[in-house]
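> Sequence and predicted structure, then a few things I'm wondering about:
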Amino acid sequence: MQKYEKIRIGEALFLDRDGVINRRIDGGYVSTPDELELLPHATESIARLSHFFRHIFVVTNQQGIGKGLMSEDDLLAVHAKMTAAIEQAGGRLDHIYHCPALKEAHDFCRKPNIGMALQARRDHPGLRLKDCVMIGDAVTDMMFGRRCGMQTILVGEWPEIATQQPQLVDFCFPSLLEVAEDVEQQIETSQPAVNH
Ligand SMILES: [Mg+2]
């Protein structure tokens, strides 16, 4: 890990959703806006990171739809609430990509496959995936980022993944807040000294 000195700011930030922006429901799905519990400082951190990336995308596997446990409209309602909270904090999301397919389907859009990244590039011609950063809390997020040539940042309860699959992970942070702090510090320390 820590193969790079700095987080590659400028192009686009790809964010996983569950466990990064909102609390993950183990063994279940966030199927209504009421079930969406944003993680502490998540919206504020996205707002702070919004200054440093041309685009902010969410890429999220939502096989609860494929299982028939929730509908596309349910998901849109959840995402409307999440987007509103982020915008209220001063941040933005350019697009939320989701994959409804079942894990067993091995669909190209489902992480760790890279379909959602290619969709983002179709929607934003000129997007350089190799200059992008992927933030997630699961090994599949890290694989997705690697396959796209992105830098990868693991957040949350990461020790197991980071120690077992260190080749997939460039940086580890407890949460988005520490990522935002690191990026801001990087900018501050790169400012040339003012000569009087
Ligand atoms: Mg996740």
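Received the coordinates, thanks.

> Would you pull up how far stretch 92-105 lies from the middle of the chain?
12 Å (C-alpha atoms, centre = their mean, to the nearest Å).

> Please enumerate residues in contact with that stretch?
The set of residues external to stretch 92-105 that reach it, using C-beta atoms under 8 Å, 6 or more residues apart in numbering, is 17, 46, 50, 55-63, 65-67, 72, 75, 79, 82-83, 86, 107, 109-111, 115-116, 119-120, 123-124. In short, each C-beta sits where N, CA and C put it, glycine included.

> quick one: that stretch near the ion?
No: if you take C-beta under 5 Å from the ion as the test, stretch 92-105 misses the ion, and the best it gets is 12.3 Å.

> list the buried ones in that stretch?
For stretch 92-105, the buried set under the neighbour-count rule, 16 or more other C-beta atoms under 10 Å, comprises 93, 94, 96, 97, 98, 99, 100, 101.

> Tell me the helices and strands packed up against the longest helix along the chain.
Longest helix in the chain by number of residues (criterion: DSSP state H): helix 72-88. With contacts defined as 3 or more C-beta pairs under 8 Å, 6 or more residues apart in numbering; DSSP states H and E, helix 72-88 has these neighbours: helix 42-50, strand 95-99.

> Quick check: the gap between residue 126 and residue 27.
40 Å (C-beta to C-beta, to the nearest Å).

> do residue 100 as well
18 Å.

> Let's have the helices and strands packed on helix 72-88 in a markdown table, adding mean pLDDT.
Output for those, formatted as a markdown table (pLDDT from 0 to 100):
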| stretch | mean pLDDT |
| --- | --- |
| helix 42-50 | 98 |
| strand 95-99 | 98 |
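
> Tabulate those in CSV, adding columns for distance to residue 177.
Shown next, in CSV, are those (distance: least, C-beta to C-beta, whole Å):
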stretch, distance to residue 177
helix 42-50, 5
strand 95-99, 21
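
> Ok, which of these comes nearest residue 170?
Of all those, it is helix 42-50 that lies closest to residue 170, at 16.2 Å by C-beta to C-beta.

> Over in this structure, which residue gets nearest the ion? Let me know.
At 3.7 Å from the ion, residue 19 is the closest residue in the chain, using C-beta to the ion.

> my read: that residue touches residue 138, true?
Yes: at 7.0 Å, residue 19 counts as touching residue 138 under the criterion of C-beta atoms under 8 Å.

> Confirm residue 108 sits in a strand?
No: the assignment for residue 108 (DSSP: H, G, I helix; E, B strand; the rest coil) gives coil, which keeps it out of a strand.

> Please report how far it lies from residue 119.
According to C-beta to C-beta, residue 108 stands 10 Å off from residue 119.

> For stretch 115-127, buried residues please.
Of the residues in stretch 115-127, those buried (16+ other C-beta under 10 Å) are 115, 116, 117, 119, 120, 121, 127.

> I'd say the first one and residue 108 touch.
Yep, that's residue 115 we're talking about. Yes: here residue 115 reaches residue 108: they are 4.1 Å apart, a contact under C-beta under 8 Å.
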